[in-house]
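Novice: When you get a sec, could you give me coordinates for this:
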Amino acid sequence: MTSIEILTIVASMLGGLALFLFGMNTLSDSLSSMTGGLLDRVLGKITKNGFFGFLFGAGITAIVQSSSAITVLSVGLVNSGIIGLKQAASLIIGANLGTTATAWLLSLNALDGESLLMTIVKPAFFSPFLAIIGVALTMFAKSQAKKNIGNVLLGFAVMMIGMNLMSQAVAPLKELPALKDTLMSFTNPILGFGFAMLFTMLVQSSDAVIGIVQAFALSVGVTFGMAIPLVCGAHVGTCITALLSSMGTSKNGKRTAFVNLYYNLLKTIPFMVVFYIANSVWHFSFMEESVGAIGIPIFHTAINLLACCIWLPGSGALVGLAKKTLPYDEKEKEEMANQLTMLDENLLGNPQFALEQTDTAVIKLAESAGRALGTVTTYRDNKNFVEEVKKYCRRLETYENQISNYLVEISTKTNRPKDAAYISLLTNANTAFATIGKVADRVLDMCLDFYKKFGKTVEDFPEEEQIEREVFKNAYQELLMLTIEGYRKKSPSISHTVQFYREEISNICEITRKRRIRSMHGKEGREEHAELLTNISYDEEKLVDLCDTVADAVIRYLIEIGADVRISEEESEKKREQISALFVDKYEMLGKLNHREVI
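Specialist: As a prediction, the model looks like this:
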């Protein structure tokens, strides 16, 4: 064979490999795009049950034709806190089984027979037709959904054409002694395993490597002795994709990648050790026989089914190994508390799902701000207490920055009007709720300064002032909880109620200030008390405006997406009267606020 002929064969094989990899990536990416954020949401719900997560992982991987894509997604889901490590383990085990569908699909090219039916079902025959349809949809379809379908068909066709091209390219090499010697070297299990593992790490696709082995099996001849270590090595090599994707995630995301690595190591290495020890004793005759195209998917499926039976019930052991590899420590626990893990970069490919995760993060920020505000109003002369509240307030600022940065990233991924409206709502709510945390921090500073100056806390004030302070605390907390509830449910009714509450609380603030001015005259020591409480109330009254800002943002968002938020004047007046009566019942009975003076 001349040098030109060898170069031509190498060029054809590389071209076939390039088409195969391109087609596989196009098919996987297009199928993921078709699902939008649906795949992420469904995975988050179904994987709560380990067995259903396993089934779904196997099924969706068989469709998407990429176990790496599902494994990487599971890293993101764990990192974002949507699922736990145990659920991710079930999903990963299912994905490894589902990836065997690709090998079965490729084996159709090896079907024998000259009948019309046998010819039609061969991918080499129908792939060009799918390619033409795919190109037509991609070029001429107007909707993105149809274009995605075209890309799916085109990706599948290109993958099959690439596989066929590789098989044809290597066919002339079957009589080449050097090739036979090279292939025979892979009967050494360590050499074959290592080569396949490294090559899979390079191309980051076990399906691609197993597809190449099938191409050689169709055209050159590959024995079981060569194929077994190559397939096992490909299983381990594909773990590099998840490990690389976990590099920018939390330790929990990294643990997910290690679960995948340990599963594939424990699936292949013990099998190979037992199998080759048995072979050295009984000398299995089939090891010298040609594996053919069908033998590879049979072995590929068998080893995954065996591993499923062993490790699906024992997935906790995989999780335990991952946790021992990356153990928890106090620093990580603190970092986890300061991180909104649901804001994961791996989810940005699905902007709608990423927005839902951001919404969850905003709610967490809001609830944390509410707890900070409730805690600081019970100020105590305690160093640990002050440091703990200060740390909590700093955490809220970290939350705000994380959400803001994540929203910027999402805005570059989508141009849908509804998404823009959602981003606007999230931005306004994020800023408002984070400012509540800053108010809590300032209130703490005022209480701390007062203690340093006068040696007193709010708990040392006269009983009537403490009751008054309790009134304000209850009113603000009630308004804030109502605001969070309206935001969580995106409820126009609750948001309107928040706006009515604002009027009532403003009335309480006005009455209280008048009372404090009257109470200061002629009462020794009351001036300092009144000054502190008045300053606190001025600062906390900003909470009323912040809650109103969130309620208004919710209503504007609902209007932008076409929801009906109208409320009649009659309904408005009725609700105002109800809330006014509610405030009279709640606060006048304390005997310290004459609410009817303003109403």
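
Novice: which non-adjacent residue is nearest the residue positioned nearest the centre of the chain?
Specialist: The C-alpha lying nearest the average C-alpha coordinate of the chain belongs to residue 77 (Cα atoms, centre = their mean; 3.6 Å). On the basis of Cβ to Cβ, 6 or more residues apart in numbering, the spatially nearest residue to residue 77 that is not a chain neighbour turns out to be residue 83, at 4.8 Å. For glycine as for every other residue, the C-beta is placed from the backbone atoms N, C-alpha and C.

Novice: ok, that neighbour - how many residues close by?
Specialist: Using other Cβ atoms under 10 Å, residue 83 has 22 neighbouring residues.

Novice: Need the pLDDT of it.
Specialist: For residue 83, the pLDDT comes out at 81.

Novice: what's the answer for residue 384, then?
Specialist: Confidence score, pLDDT, at residue 384: 71.

Novice: Poorly predicted segments of the stretch 401-550 of the chain, please.
Specialist: For the stretch 401-550 of the chain, residues meeting the criterion pLDDT under 70 lie at 458-459, 513-530.

Novice: Tell me where it has helices.
Specialist: 417-454, 463-489, 492-520, 526-560 (DSSP state H, counting those that start in this stretch).

Novice: Could I get the ones you listed in JSON lines, plus columns for distance to residue 398?
Specialist: What follows is the helices of the stretch 401-550 of the chain, written out as JSON lines (distance: least, Cβ to Cβ, whole Å):
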{"stretch": "helix 417-454", "distance to residue 398": "10"}
{"stretch": "helix 463-489", "distance to residue 398": "19"}
{"stretch": "helix 492-520", "distance to residue 398": "27"}
{"stretch": "helix 526-560", "distance to residue 398": "19"}
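
Novice: With distance to residue 287 and mean neighbour count as added columns, please give the ones you listed in CSV.
Specialist: Converted to CSV, the helices of the stretch 401-550 of the chain look like this (distance: least, Cβ to Cβ, whole Å; neighbours: other Cβ atoms under 10 Å):
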stretch, distance to residue 287, mean neighbour count
helix 417-454, 57, 19
helix 463-489, 62, 18
helix 492-520, 71, 18
helix 526-560, 66, 19
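
Novice: Go through the ones you listed and name the closest to residue 363.
Specialist: For residue 363, the closest of those is helix 463-489, at 5.6 Å, according to Cβ to Cβ.

Novice: Quick one: list the elements packing against the closest one.
Specialist: Judged by 3 or more Cβ pairs under 8 Å, 6 or more residues apart in numbering; DSSP states H and E, helix 463-489 is in contact with helix 351-376, helix 492-520, helix 526-560, helix 569-587.

Novice: so where is the stretch 1-150 of the chain shaky, pLDDT-wise?
Specialist: 1, 32-48, 80, 111-115.

Novice: Let's see that with 80 instead.
Specialist: 1-3, 5-6, 24, 28-50, 63-69, 72-73, 76-77, 79-82, 109-124 (pLDDT under 80).

Novice: How about the stretch 251-400 of the chain?
Specialist: Using pLDDT under 80, the flagged stretches of the stretch 251-400 of the chain are 293, 329-339, 341, 344-347, 349, 373-389, 391-392.
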